[in-house]
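>>> Here's my sequence, what's the structure:
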Amino acid sequence: MQAPTIGGVRVRKGDGETVRLARGSSLTDFAEKIGVDAAALVQMLFSLGEMVTATESVNDETLELLGDELNYVIEVVSPEDEDRELLESFDLEFGEDEGDESDLAARPPVVTVMGHVDHGKTKLLDALRNANVVAKEAGGITQHIGAYQVATQVDGEDRRITFIDTPGHEAFTAMRARGAQATDIAVLVVAADDGVMPQTVEALNHAKAAGVPIVVAVNKIDVPAADPTKVRGQLSEYGLVPEEYGGDTMFVDVSAKAELNLDKLLEAIVLTADASLDLRANPDQDAQGLIVEAHLDRGRGPVATVLIQRGTLHVGDSIVAGPAYGRVRAMLDEYGENLDVALPSRPAMVLGLTAVPGAGQNLIVVDDDRVARQIAEKRESRERAAMQAKRRVRRTLEDFMASMEKGASQELNLILKGDVSGSVEALEDSLAKIDVGEGVNLRVIDRGVGAITETNVDLAAASDAIIIGFNVRPQGKATEMADKEGVEIRYYSVIYQAIEEIEAALKGLLKPEFEEVSLGQAEIREIFRSSRIGNIAGCMVISGTIRRNAKARLIRDGNVVSDSLDLASLRREKDDVTEVREGFECGLVLRGYNDIKQGDVVECFEMREIPRA
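Residues are numbered from 1 along each chain as shown. Here you go, the predicted structure:
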């Protein structure tokens, strides 16, 4: 088959074979896979109206467009497959228990507490573990994920339950969904006085999607307006039928504030786990787990809250978590006490990582620090390429020509810094959903955990960006440097505020849109000549209002003779006036324009800015 010539470049076409590419691959990566010159692909894309360099990370759509043109099926490797292939190259495997049935031991259930904002989720956990978390939250909204383990007795036997507290704010949907994926049982908290609310349904859908059993805690039964029966009826419509109505969902009426029936709730969780789940894991293999949350501590460095899923984590183990790696220097429980080992289902705060991993990334123990570093570096480079492809704006020739004609579009560059990785991720997701139409783009050029540093200010100054600090403050001389460079730093502790203000800023970047509003018309009845100021029109206002300093146009026999004229003066009898209404006479002068005749109509109008929705 003769190789086709596209844009003057000879390119070999495929026969429909599949080419597997990682997210954020460049044209050079694609060219190597199919054995052609990368320059040919660059020129080919150019002829298709897309401008891309050979080494630039490109998005999935561009790769697929090129694949269609060359008769290749492009298969973009999913992040999960990518990571599994990376671990397999080091003879590692994530997500499997080693050994046979005899090696497995019972582990505590991992429970996620979900529900609508202000229905008492954190208060309930607070009562269960006797630690005050609510008082520390800005605006009473939980903005981080915490993991805690509590002990209870069921049928005279000591049992442990691990709780994960997820945020209740709708902007943290991604975090809440991740909480459900790490869990065995979901506790749905519904306030007895409020009933089922939008986020209750959202949380319920996350739990159903994760395929986990649900226990319903009907909270606030001690308030006067409490109606637990109504809650049962409402949830029955969503497929959660209480046991007392012949269903299979356990409902427990509790009061976190008055500490009523908390033991019954713990018992219901244990019974549901025993009845529905076979919770076992191998405690003797190398530890595998999930990063529940991570933050940068000034004294201790990166600190990650880890939930061990299988195996046992020891102090001194070499670990890799996402793009971070290191050796476990110390482990702490939820009360700040030292731990030597963390068994399956045990949450622990781990110190010793080189960087702050992302919430939801997996943690795995490897043979030595060298292997950990290699895996982390490969993950980081892949993640960076995928992120660049995701952030890259598709730049077509048509876009380029349009921007040349009307001037470049406005862009708001942001640098996000937060105290924990989950908050930064949730904030970025929420900002990505802001839509203010064409002409204005929002671009997150950097994101990170920890204090705002001089490096952040440097980057902001170079790229004309605004720094958003979420529960963090500047470090060292960053504030002085920001003042000197003219970099704006905004501080927030509640996510609502950040989203609203950034949306307002984006709307402010849009060029104002104006519409013409007709004010009124006046018919010229008489013309008076003046050597000093020119022709004066004696008029009768036939509709609306004639206003001084407004724009005017002259209409003769239904045709516009002159547009965008200025009213130089407006008089009624001998007095200067600002406006003359319908039915009154007036004298007016059109600045610099004397070609007026009797019977002409002067139309008065103004341009008003259209408010943004």
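>>> ok, now which ones touch residue 248?
By Cβ atoms under 8 Å, 6 or more residues apart in numbering, residue 248 lies in contact with residue 241. In this view, the C-beta of every residue, glycine as well, is placed from N, C-alpha and C.
>>> Any buried residues in the longest strand seen in the chain, and which?
Counting by DSSP state E, the longest strand found in the chain is strand 514-530. Of the residues in strand 514-530, 519-524 count as buried by neighbour count, 16 or more other Cβ atoms under 10 Å.
>>> Same question for stretch 48-68.
Quick answer for stretch 48-68 (16+ other Cβ under 10 Å): 50, 52, 54, 56-60, 62-67.
>>> Quick one: end-to-end distance for it.
Distance between the two ends of stretch 48-68: 12 Å, counting by Cα to Cα, to the nearest Å.
>>> what do you get for stretch 239-247?
End to end - Cα to Cα - stretch 239-247 spans 9 Å.
>>> and it, which residues are buried?
240-242.
>>> Now those in JSON lines, please, with extra columns for secondary structure and distance to residue 500.
Compiled in JSON lines, these are given as follows (DSSP: H, G, I helix; E, B strand; the rest coil; distance: Cβ to Cβ, whole Å):
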{"residue": "240", "secondary structure": "coil", "distance to residue 500": "34"}
{"residue": "241", "secondary structure": "coil", "distance to residue 500": "40"}
{"residue": "242", "secondary structure": "strand", "distance to residue 500": "40"}
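>>> Now residue 34. Its backbone dihedrals?
Dihedral pair for residue 34: phi -110, psi 0, per degrees, to the nearest 10.
>>> Then residue 425?
Torsion angles, degrees, to the nearest 10, at residue 425: phi -60, psi -50.
>>> re the thing from before, what distance separates the helix or strand that comes right after the longest strand of the chain from the centre of its chain?
With elements assigned by DSSP states H and E, the helix or strand that comes after strand 514-530 is strand 534-547. Computed by Cα atoms, centre = their mean, to the nearest Å, the chain-centroid distance of strand 534-547 equals 56 Å.
>>> And strand 534-547, what does it pack against?
Under the contact criterion of 3 or more Cβ pairs under 8 Å, 6 or more residues apart in numbering; DSSP states H and E, strand 534-547 touches strand 514-530, strand 559-572, strand 579-581, strand 585-590, strand 601-609.
>>> and those as TSV, adding mean pLDDT and distance to residue 29?
Formatted as TSV, those follow (pLDDT from 0 to 100; distance: least, Cβ to Cβ, whole Å):
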stretch	mean pLDDT	distance to residue 29
strand 514-530	89	48
strand 559-572	87	57
strand 579-581	92	69
strand 585-590	92	67
strand 601-609	88	48
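>>> between these, which one is nearest to residue 225?
Proximity to residue 225 (Cβ to Cβ) singles out strand 601-609 among the helices and strands packed on strand 534-547, at 46.5 Å.
>>> My guess is residue 422 contacts residue 293. True?
Yes - using Cβ atoms under 8 Å, residue 422 is in contact with residue 293, at 5.7 Å.
>>> who has more neighbours, those two?
Using other Cβ atoms under 10 Å as the criterion, residue 422 and residue 293 rank with residue 422 on top: 28 against 24.
>>> That one: helix or strand, and which one exactly?
Going by DSSP H and E, residue 422 is part of helix 421-432.
>>> name the helices or strands packed onto whichever helix or strand comes after that helix?
Next in sequence after helix 421-432, counting helices and strands by DSSP H and E, comes strand 440-449. Contact here means 3+ Cβ pairs under 8 Å, 6+ apart; on that basis strand 440-449 packs against strand 288-297, helix 369-391, strand 410-418, helix 421-432, helix 454-463, helix 495-509.
>>> mind listing what's buried in the second one?
It refers to helix 369-391. For helix 369-391, the neighbour count (16+ other Cβ under 10 Å) marks 371-376, 378-379, 382-383, 385-386, 389 as buried.
>>> quick revisit: closest one to residue 76 among the helices and strands packed on strand 440-449?
Smallest distance to residue 76 across the helices and strands packed on strand 440-449 (Cβ to Cβ): 9.7 Å, for helix 369-391.
>>> So what's the gap between that closest one and the chain middle?
Relative to its chain's centre, helix 369-391 lies at 21 Å (Cα atoms, centre = their mean).
>>> Contacts for that helix, please.
22-26, 56-60, 79, 82-83, 86-87, 90, 92, 318-320, 322-327, 354, 366, 443-445.
>>> And the strands in the stretch 201-350 of the chain?
With DSSP state E, counting those that start in this stretch applied, the stretch 201-350 of the chain shows strands at 214-219, 250-253, 280-281, 288-297, 301-310, 313-314, 318-321, 324-332, 338-339, 341-342, 347-353, listed in chain order.
>>> which of those has the lowest average pLDDT?
Among the strands of the stretch 201-350 of the chain, strand 288-297 carries the lowest mean pLDDT, at a mean of 84.
>>> quick check: angle from it to strand 324-332?
Strand 288-297 and strand 324-332 are oriented at 80 degrees to each other (axes from the mean of the first three to the mean of the last three Cα atoms, to 10 degrees).
>>> in the stretch 451-600 of the chain, which ranges drop under the pLDDT threshold?
Within the stretch 451-600 of the chain, the stretches with pLDDT under 70 are 508-512.
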